[in-house]
Each structure stands twice: as structure tokens, then as C-alpha cells.
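Trainee: model this:
(one chain, ligands or ions: 1)
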Amino acid sequence: MEKINWQKEDLNHLWHPCSQMKDYEDLPPIVIERAKGINLYDINKKCYKDVISSWWCNLLGHCNPEISKALKKQANELEHVIFANFSHKPIIKLAKKLSEVTPSGLEKFNFSDNGSSSIEMAMKMSFQYFQQTGKTKKTRFMALSEGYHGETIAALSAGDCDLYTKIYKPILMDIIKIKAPDCFRCPFNKQRENCECECFCDCEQQFEKYGNETCAVLIEPLLQGSAGMKIYPALYLKKLREICDKYDVHLIADEIATGFYRTGKFFACNHANISPDLMCISKGLTGGYMPMAAVCTTNEIYNAFYDDYSKGKAFMHSHTYSGNPLGASCALAVLKILEKGKVTKQANELAPYFNSLIKEEFLNIKNVGEVRSIGLINAIEFVKDKNTKEALNSKFRFGYEVYKKALKKGVLLRPLGDVIYFNPPLIINKKDMDFVVKIAKECAIETLKELGL
Ligand SMILES: *Cc1c(COP(=O)(O)O)cnc(C)c1O
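Mentor: A predicted model of the protein is given here:
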């Protein structure tokens, strides 16, 4: 029997996302055969600890028996059905459950199949709402600087990471950027634990200038993920909610990365006790099993679309896989596990251990500027100099070098520039925490040496 060279076959035909394909000459694709818990196993039986939850979506471990069971059962009953006029039990149950667990006031759920789409939908909904309620001058959007909301054109426009947006600038929407909180390099020299969000002044200025022509402001609540796991205080969200009310601007909370206990609470908005007008969820929603996303919104917004067909007020946005039954069955299984409370209790109990361990191992390294954490998410920012907080030399790909070394040692990290982070499935145990922190430290120190630091 001829032996297949999977890596070669891959490179013959595939174009991987978020990759410079030339890098694969040096680091060929890792072909994964099976997975269990936080472990990935490749075709040579090598194990990798997945402490980034495979792009932040795997919530409860790979091949979770309860989710797999629900998916198998659903596949034998109903795999898909057109979602206009038709419905099915799993999605009805899911919407009902979501109305119970999401922040109060979110009563209607419109499903799609990926996070970026849900962002587009939330933006279109907000715009259309104001068009249909007589506030036709509200046509613009605001978003925080350095945000990330996905990579379709509107979502990309709302985002602000040069890495993804720069080349497309000529074809992007003109979205007003509010200077995001930057607690590590706070321009007011305050501490995120006890500041008054002095930095909110930029937001106030933008609202003063543009509030009347704005339909919505998009934010990643508490945690700007792609920006390097930047964490900011809940107070900022409270202030934002207030100013949105004042100027009649919708608050769109992008909880795609932060939802489902990633920050220690069900949703990041819960930390500030606020309800957004529109909330986007995806990633953890199906435990990383099936592509599914939802926009959660209020009856007030929903009602602005509710009229005779001839008035043309319906929300005519659709995706073929909207409300897919397989996705819904996985999401129901996820919610059932979360509801039992055992997993979230363990995660919240181990979170302080994980954070102390990382602080202990990393803070004494002279090039570590900050260790920050929320829930099980921990980020370590490396700098050239602790005092000036100057970034490392970007020509040397620090994160990528650490990434390659960690892979060799069986840990899947995926640093964001100079920031090494962990965002593991909620089921991670102490032993795995010890192991991945040890490997990450070894790899970081080796890489710093190569950099001559
Ligand atoms: C991943 C992510 C998105 C985009 O979701 P996709 O499913 O990849 O399109 C949007 N916003 C945030 C905060 C994300 O982390």
C-alpha cells in the first residue's frame, strides 16, 4: 500500500487561513488525527496541549462525550432544514435557554454560522432600526481602537488591527475610532484595579462630536483579544452604557470570544451588570463543535422590523446554515454542562492558581512587562525594557519563534506579537497548567536569548 505524505498533499492543495504559506516550508502543517480533552494527537501520535482552545472556541475539551452524543443523536434525526418559515425543536429550545442566560432585556435571537456574520448582522440591524424609527441621520458606527470583530468587510472596518485591515483600507467603511483603554501603558498613570477610567474622556469627545449621527458603538467587553488580550475595567463598560443611552446609540457587545465563562462569568457584560442592545455570540456557543453564531437583541429593536410585508421593514439577511440543527444540539449540550456548574466551579477555583503560577514564573524575567488575567485567560506581555515598556523589535518575530519552540515541546500556544497567552478549555487541570507554564517559560527564555536580551 502506498504511504500518503499528508503534509505534502496538504501543501499541494490547501491555502490555510491567517498564514504566510511560505512559512510552511520551515514549519509544515501539523496533521491532527484525533483529540481528547486538551490534547491533540497528530498522525505520528505526538501530543500537543491545546491551551488556546483551538482558536478560542473549544470550551469543554475536545471530543467531549456529552456534546458528541448530542451531535450523533441529532445527525440521525435532522441534519438541516430551511430556516425561513421552518423551525425545529433544538433551535427553539436553544433560543429559550439563551433568553434565560443572556443579560436581561435580550429576548430575540437571530442565528448565523460565524462570528463575523453576526457582527455584520448586528450592524445592519442597528442601522435599519434607526432608518425605520425616523432617525435617518444615524448612519455611522463607532468602535474601539485596536479592536477585532472578524474579517468580512464591515467587521474588518470596525476592527483596528493593522495586520488584518491595512491593505484593505481603501475598500473599508469609515468607522469612528474611540481610543481604547490601554491599562498597561496608561496615559494617566493609573492602575486598572482602582482607576476611575480617566481614559473615557476620548469616548466622551467622540460622542459629543458624532453621537447624533451614530447608530451603534461596537466593543469587545473587558477583553480586547486580538489586540494582545488587553484587559480593561468593568467601569468603562458602565460608562459606555450610560453615554449610549444619553445619545440614543446602540451598544453592540461582541462577546464572541468572551462569552461562556471565559472571563469567569457567563458573559463579560455581567461583570459590569449591563445589558447591551445587541450582543454577538459564537465560538464557545457550540463548544467548538459546529460553526454557529447568534445576534441577541431586544424586543424594542425587533419590533421596529415588525409590520406588513408591503412596508418593506423585514430584516432580509439570511445565511443558508442559519439555525442549523446540528449546531443547536451541540449548543444545548454545552448549556446543559454549564448549567450543572461543576465545570465552571472548577475553572473558577483553578483560575487564581493558574494566575499565581504564571506570575511566579514570569514576573521575575526582566523582559516581562505585565502579566494580566481574567478567568482562565492569562497574558504575558514581553518588552524590551520594563521601565520604558518599549516593545520588542518587531523584525524579530518573538511570538512566532516561541510558537515553534513550544510546538516541538508539545504545547500549542499562538502568541499575539509580543504577548504569550493562555486561553485553555475550562476543563484544564492543575497538572496541565504546571506543564504548559513550564514549557512556555523555557521557550520564552530561549527566544529572548536568541534576541540578545
Ligand atoms: C473570532 C472573533 C470574531 C470573528 O468570528 P469568526 O467566527 O472567526 O468570523 C469576532 N469578534 C471576536 C471578538 C472574535 O474573537
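Trainee: Get me the contact residues on this structure for the ligand.
Mentor: Residues of the chain lying close to the ligand (C-beta under 6 Å from any ligand atom) are 114-116, 119, 148-150, 220, 225, 254, 256-257, 282. Yep, even glycine has a C-beta here, placed from its N, CA and C like the rest.
Trainee: Save the residues you listed as a markdown table, and put in neighbour count and secondary structure too.
Mentor: Below are the residues of the chain next to the ligand laid out as a markdown table (neighbours: other C-beta atoms under 10 Å; DSSP: H, G, I helix; E, B strand; the rest coil):
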| residue | neighbour count | secondary structure |
| --- | --- | --- |
| Asn114 | 20 | coil |
| Gly115 | 28 | helix |
| Ser116 | 22 | helix |
| Ile119 | 30 | helix |
| Tyr148 | 26 | coil |
| His149 | 31 | coil |
| Gly150 | 24 | coil |
| Glu220 | 27 | coil |
| Gly225 | 22 | coil |
| Asp254 | 33 | strand |
| Ile256 | 26 | coil |
| Ala257 | 28 | coil |
| Ser282 | 27 | coil |
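Trainee: Redo those as a markdown table? Include pLDDT and distance to Arg414.
Mentor: Converted to a markdown table, the residues of the chain next to the ligand look like this (pLDDT from 0 to 100; distance: C-beta to C-beta, whole Å):
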| residue | pLDDT | distance to Arg414 |
| --- | --- | --- |
| Asn114 | 98 | 19 |
| Gly115 | 98 | 17 |
| Ser116 | 98 | 19 |
| Ile119 | 98 | 22 |
| Tyr148 | 98 | 14 |
| His149 | 98 | 19 |
| Gly150 | 98 | 17 |
| Glu220 | 98 | 18 |
| Gly225 | 98 | 12 |
| Asp254 | 99 | 20 |
| Ile256 | 98 | 17 |
| Ala257 | 98 | 13 |
| Ser282 | 98 | 18 |
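Trainee: Tell me the one among those nearest to the ligand.
Mentor: Nearest to the ligand among the residues of the chain next to the ligand, counting by C-beta to the nearest ligand atom, is Gly115 at 2.2 Å.
Trainee: returning to that earlier point: can you list the residues of the chain next to the ligand in TSV and add distance to Val295?
Mentor: Formatted as TSV, the residues of the chain next to the ligand follow (distance: C-beta to C-beta, whole Å):
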residue	distance to Val295
Asn114	12
Gly115	11
Ser116	12
Ile119	9
Tyr148	18
His149	13
Gly150	13
Glu220	15
Gly225	19
Asp254	11
Ile256	11
Ala257	16
Ser282	10
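Trainee: Show me the residue of the stretch 301-450 of the chain that gets nearest to the ligand, please.
Mentor: For the stretch 301-450 of the chain, C-beta to the nearest ligand atom, closest residue to the ligand: Asn423, 10.1 Å.
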